[in-house]
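Enquirer: Provided below are the primary sequence and the corresponding predicted coordinates.
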Amino acid sequence: MWERTLQDLIRGLRANKKDEAKFISKAVDEIRAEIKSDDMELKAAAVLKLTYLDMLGYDMGWASFHVVEVMSSPRVHLKSVGYLAATQSFDQETDVLMLTTNLLKKDLGSTPADIAVTLNGLAHIVTPDLARDLSPELIAMLNHSRPNIRKRAILALYKILVKHPETAKHARTRLEEKLEDSDPSVVAATVNVLCELARHHPTDYLSLAPQLFHLLTTSSNNWMLIKIIKLFGSLSPYEPRLVKKLQPPITELISTTQAISLLYECVHTCIIGGMLQGSNGDSLARLCASKLAAFIQDADQNLKYIALLAMTKIAPSHPHLLAEYQDTILASVNDEDISIRMRALDLVSAMVDRDNLQSIVQQVLSHLVPENSSSILPSAAQSLAQATVPTSPTTPRPFLSPSQNPAYRLVLCQRILAMCSQSTYENVTNFEWYISVLVDLAHVANVDVGAEIRDQLVDVIGRVRAVRRYAVRLMYQLISDDTMLRNAQDEGSCSEVLWAAAWICGEYCDELAEPHKLLPYLLKPEVSNLAPEIIAVYIQSATKIFGTWAASVAQRWEDDDLADVKSMVEQLTSRLGELVSNPHIDVQERAANSLQLFRFIQADLEAHRTKPPATPGFSTDSELQSLEPRFPKSLYLIEPLSATYELNPVAASAQASVPIPDGLDLDAWIMPPPKEPVVEQLPEKKKKTKKGKGKEVGDGQVKTKKKKKDESDGGDLLTPAEPELETPEEIAERARRKAERLAQLRDDPYYIGLDAAKLPEEDIDSIPIVHLEGMPSLAGPSTQGLPALKTTSQTFSSASFVIDRDGEMPEGAVVVKPASVPISRQGTPAPGESNTPIPARLTSFPPYEVPDDDVRTSTPEPIKVMRPKKKGTGKKKRTPTVVDT
């Protein structure tokens, strides 16, 4: 009979690629017949073919017993096939493993060749039960006469210790003895096992430090030295004396070794082991930094990657050492390999301080700027044309700059924002520079970071007062530039920055010399292309700017100013009238509110008449002239609405620090719930039915022909009881209190519940005059006038920028521990939120006083009810009483 070998199976698979499943099905049928043969050679060949098919994904679990049969073969070449199949297909749940205990013990006491094969296979198939049963034999095998058997036994013992940790107390002494073995391979295997064990339980192996230190200073095996250094890296955090002891030999290794892997492991151990601290640590850190810098300049990408990774760990403790290699590190930010670029960005972010922030940000920002026109991404038609042109393998492909990748550009922008805002702008010394960086970033980012830039612009200007004048001028230029407005619909346009620009100009418009010149830009027709939330802020800012400008015009009023104000109000009214029909509700509401204000101002301007100036020496109508101002009073209508309070950042713990007023119980009912009436049901007497009216059914029940309503539907019918009669004194008292209440409500201008026909004629002279805050004296414009508007620029030094990092706290705040909020985002006002404190009372009218005897409650008095009488019974039923619980 001719049997197929493994080589024949492989050739058949290659020849039947189109019908591979059919060929394998036929091959498996042949293997099933061969594996049942008594010929051990044929059985081993079938197991070998099954092992190959198992590597291709076909299950061979059904043949596990036959694998054990091949493992028990006395021939070494067949036994090795059985152990190979076992390591390939057996797992912890294989049921035949319980049959292999005696087989393994027998093989461990056989010839050295059988022992070597058994130790190799045991490390893969060991289970907790096998580890417990075979640990004595394996520990005894550590003293075998052959070094290759001792080495294999040590490595297999590691798997025994993992599966059965109780073996460690018996094997620990033997393992320590193997550190002084005469064969270097046995020592290396022992160090390897101890390194893996100490990684999980370092404190258990501190006693081995003297022996390991001796090996570190005497061995020349680089791979064993790597393991020893790794082992010391795990032990040194638990034994501080090791740091001082290890510094000299590791420094010598770093200075003399030519092996790159050993050099990196020494540097890594110095970092994680805390060896870079202290006086000796500084020189070692400088040596490590110089070696890592050489790695970064190497052509090998792997060395460059691990060097950047190690430098990131050095940066927190020795940033000044890495500053010497700043240009080398920044060159990696534009590397072709994305992994190297990301590690370079991590390192750059870690080495930022007050001295190098500006230079690092400028260099990172330069990667976002296209170098030339050729770096612009081609259009779809150009890409298709290039793809259809046949190219030879030797034709160089066009180089695509890494900075053109949108995902990478997004990371670059986010890192710039994170570096600058770290610890509430701790490293920023010149905030005018930072505001310029944010505006530049909005223009060159070309990714969706507009919301982050908007938040930081609002946050910085709210916290740093000295930068507000410069920021307002820069935001004025940003709004007046149509570039961002035209590209607002494009992806990555960062049009959210216009939200911040409009908000800043509206909130701090007093920093502008001529704020009214900004109004046409805020309400131009192209603004409709912006997002609804930006349009809403544009409307709000335009209203604020007009209010500030109108108030300043009123203080220096000239009759010639009337035409300019009328023209501006007409423009605003016209544009707001168009925005009222905007489909977004927020834009509609703000436009409608502002439109009504401007219509009121427009009507007042139309009714305004020029008044002659007061003539000195004449007292005619002097009293009227002192009461009527020369300017329209509506010019002061808008400014008090937004300029009453200053908007400041709020502390992160402000809300939690608000004290609870005395006597306030937040768990108590503000208004107690209504009480439920409980009806006492009296036992009803059995009804007697007249003869012939119904038929008596069992248990005294009567079945009547007349249809009755189900008692479960309606229950007992409750009707209101007759109202109690009031005495004449109670009627008179109630009428008196009602008259007093109506008299109070008649003088209340905010109460509209009374019938207009019953109100008396209004007495205009009796209306109280309310003094508006910020309103100038009616005697005419002050000769002194407002302070001069800011027209000159000021250059701020780094010492003049004061950052409000804490934020405002409420009055009488109880200091509490702040929540775990990132410092860089504490107190940052989000768009749409206002940090303005709510005033207690803005009106000058006295508060309303309600008499104590006229307090209205929401809980009515319980109604007394009666059950209606039923006709035809001839007897009265007792009315159930209502108990008020």
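Expert: Received it, and whenever you're ready, just let me know what you need. Treat the numbers as computed from the prediction; the structure is a model and nothing was measured.
Enquirer: So, low pLDDT: which residues of the stretch 551-700 of the chain?
Expert: 611-627, 678-700 (pLDDT under 70).
Enquirer: Where do the strands of it begin and end?
Expert: 678-679, 694-697 (DSSP state E, counting those that start in this stretch).
Enquirer: And the nearest residue to Ser359 once chain neighbours are set aside, how far from Ser283?
Expert: By the measure of CB to CB, 6 or more residues apart in numbering, the closest residue to Ser359 outside its immediate chain neighbours is Gln326, 7.5 Å from it. (C-beta placed from N, C-alpha, C; glycine too.) Separation of Gln326 from Ser283 (CB to CB, to the nearest Å): 21 Å.
Enquirer: who's more crowded, these two?
Expert: Gln326 (15 against 12; other CB atoms under 10 Å).
Enquirer: Looks like that one contacts Asp353 (just checking).
Expert: No: the criterion here is CB atoms under 8 Å, and Gln326 misses it with Asp353 at 11.2 Å.
Enquirer: contacting residues for Leu303?
Expert: Ile260, Tyr264, Phe295 (CB atoms under 8 Å, 6 or more residues apart in numbering).
Enquirer: likewise Tyr476?
Expert: Cys505, Leu512, Leu518.
Enquirer: Quick check: which element contains it?
Expert: helix 468-480 (DSSP states H and E).
Enquirer: hmm, who's touching the following helix or strand past that helix?
Expert: Per DSSP H and E, helix 468-480 leads on to helix 483-486 as the next helix or strand towards the C-terminus. Contacts with helix 483-486, where a contact means CB under 8 Å, 6+ apart, come from Ala442, His443, Leu478, Ser493, Cys494, Ser495, Val497, Leu498, Glu526, Val527, Asn529, Leu530.
Enquirer: right, and the pair among the residues you listed with maximum separation?
Expert: Taking CB to CB as the measure, the contacts of helix 483-486 reach their widest spread between His443 and Val527, a distance of 19.2 Å.
Enquirer: between those two, who's got more neighbours?
Expert: The residue with more neighbours, out of His443 and Val527, is Val527; 21 against 17, by other CB under 10 Å.
Enquirer: Verify the contact between the more buried one and Ile539 for me.
Expert: No: look at Val527 against Ile539 with CB under 8 Å: they stay out of range, at 9.2 Å.
Enquirer: Just confirm Asp353 is within a helix.
Expert: No: according to DSSP: H, G, I helix; E, B strand; the rest coil, Asp353 belongs to no helix; its state is coil.
Enquirer: Pull the number of nearby residues for it.
Expert: Asp353 has 12 neighbours, counted by other CB under 10 Å.
Enquirer: pLDDT wise, what is it at?
Expert: We note a pLDDT of 89 for Asp353 in this prediction.
Enquirer: Please list all residues in contact with it.
Expert: Pro319, Asn427.
Enquirer: What distance do you get for it to Leu321?
Expert: 12 Å.
Enquirer: Over to Ala310?
Expert: In terms of CB to CB, Ala310 sits 12 Å off from Leu321.
Enquirer: before we move on, what about Tyr264?
Expert: The value you get for Tyr264 to Leu321, if CB to CB is used, is 17 Å.
Enquirer: Let me see the contact set for the closest residue in space to Glu166 that isn't next to it in sequence.
Expert: In this structure, Glu166 finds its nearest non-sequential neighbour in Arg132, 7.9 Å apart by CB to CB, 6+ apart. Arg132 is in contact with His164, Glu166, Thr167, counting by CB under 8 Å, 6+ apart.
Enquirer: Local confidence estimate at Arg132?
Expert: pLDDT, Arg132: 92.
Enquirer: Where does it fall, secondary structure wise?
Expert: helix 128-140.
Enquirer: With only the CA atoms kept, save that helix in CSV.
Expert: Output of helix 128-140 as CSV, limited to C-alpha atoms (Å, rounded to 0.1, in the frame of the first residue of the first chain):
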residue,chain,number,x,y,z
PRO,A,128,-1.4,22.6,37.6
ASP,A,129,-1.8,18.8,38.3
LEU,A,130,1.2,17.9,36.2
ALA,A,131,3.3,20.7,37.9
ARG,A,132,2.4,19.3,41.3
ASP,A,133,3.2,15.7,40.4
LEU,A,134,6.4,16.3,38.4
SER,A,135,8.0,19.0,40.5
PRO,A,136,10.2,16.6,42.5
GLU,A,137,11.6,15.0,39.4
LEU,A,138,12.3,18.4,37.8
ILE,A,139,14.0,19.8,40.9
ALA,A,140,16.2,16.7,41.0
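Enquirer: what's the burial count for Leu523?
Expert: Residues near Leu523, counting by other CB under 10 Å: 22.
Enquirer: One more: Ala86?
Expert: So Ala86, with other CB under 10 Å, has 24 neighbours.
Enquirer: do the one 4 residues further on as well
Expert: By other CB under 10 Å, 21 other residues sit near Phe90.
Enquirer: do the same with Lys566
Expert: Lys566 has 16 nearby residues by other CB under 10 Å.
Enquirer: where exactly do the helices run in the stretch 401-550 of the chain?
Expert: All helices of the stretch 401-550 of the chain, identified by DSSP state H, counting those that start in this stretch, fall at 406-421, 431-444, 450-463, 468-480, 483-486, 496-507, 519-522, 532-555.
Enquirer: Quick one: closest of these to Ser220.
Expert: Nearest of these (CB to CB): helix 406-421, 44.1 Å.
Enquirer: Please spell out which residues along the next helix or strand after the helix holding Arg132 are buried.
Expert: Going down the chain from helix 128-140, the next helix or strand is helix 147-163, by DSSP H and E. For helix 147-163, a neighbour-count test (16 or more other CB atoms under 10 Å) marks 149-161, 163 as buried.
Enquirer: Helices of the stretch 601-750 of the chain, residue ranges please.
Expert: According to DSSP H, counting those that start in this stretch, the helices that the stretch 601-750 of the chain contains are 622-627, 639-643, 711-714, 728-746.
Enquirer: I'd like the mean pLDDT over the shortest one, please.
Expert: Throughout helix 711-714, pLDDT has a mean value of 44.
Enquirer: about what we covered before: the helix holding Arg132 relative to helix 147-163, how many degrees between them?
Expert: Helix 128-140 runs at 140 degrees relative to helix 147-163, counting by axes from the mean of the first three to the mean of the last three CA atoms, to 10 degrees.
Enquirer: buried sites along helix 128-140?
Expert: By 16+ other CB under 10 Å, the buried positions in helix 128-140 come out as Leu130, Ala131, Leu134, Ser135, Glu137, Leu138, Ile139.
Enquirer: Now distance to Val472 too, for those, in TSV please.
Expert: Listed next are the buried residues of helix 128-140 as TSV, based on distance: CB to CB, whole Å:
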residue	distance to Val472
Leu130	78
Ala131	75
Leu134	81
Ser135	79
Glu137	85
Leu138	80
Ile139	81
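Enquirer: Tell me the one of those nearest Leu666?
Expert: Ala131 (61.1 Å).
Enquirer: mind listing what that closest one touches?
Expert: Contacts of Ala131 by CB under 8 Å, 6+ apart are Lys159, Ile160, Lys163, His164, Thr167.
Enquirer: what's around Ala550, how many residues?
Expert: So Ala550, with other CB under 10 Å, has 23 neighbours.
Enquirer: Next: Ser25.
Expert: Counted with other CB under 10 Å, Ser25 comes out at 11.
Enquirer: what is the mean pLDDT for stretch 510-518?
Expert: 89.
Enquirer: Contacts for it, please.
Expert: 468-469, 472-473, 476, 479-480, 505, 509, 545-546, 548-549, 568, 789-791.
Enquirer: try 10 Å
Expert: 468-473, 475-476, 479-480, 502, 504-506, 509, 541-542, 544-553, 564-565, 568, 643, 786-792 (CB atoms under 10 Å, 6 or more residues apart in numbering).
Enquirer: Quick one, which of the residues you listed are buried?
Expert: 468-473, 475-476, 479, 502, 504-506, 509, 541-542, 544-553, 565, 568, 643.
Enquirer: Need the nearest residue in space to Val70, chain neighbours excluded.
Expert: Gly82 (3.4 Å).
Enquirer: List the contacts of Val569.
Expert: Contacts of Val569 by CB under 10 Å, 6+ apart are Phe546, Ala550, Leu597, Phe598, Arg599, Ile601, Gln602, Ala603, Asp604, Leu605, Glu606, Ser634.
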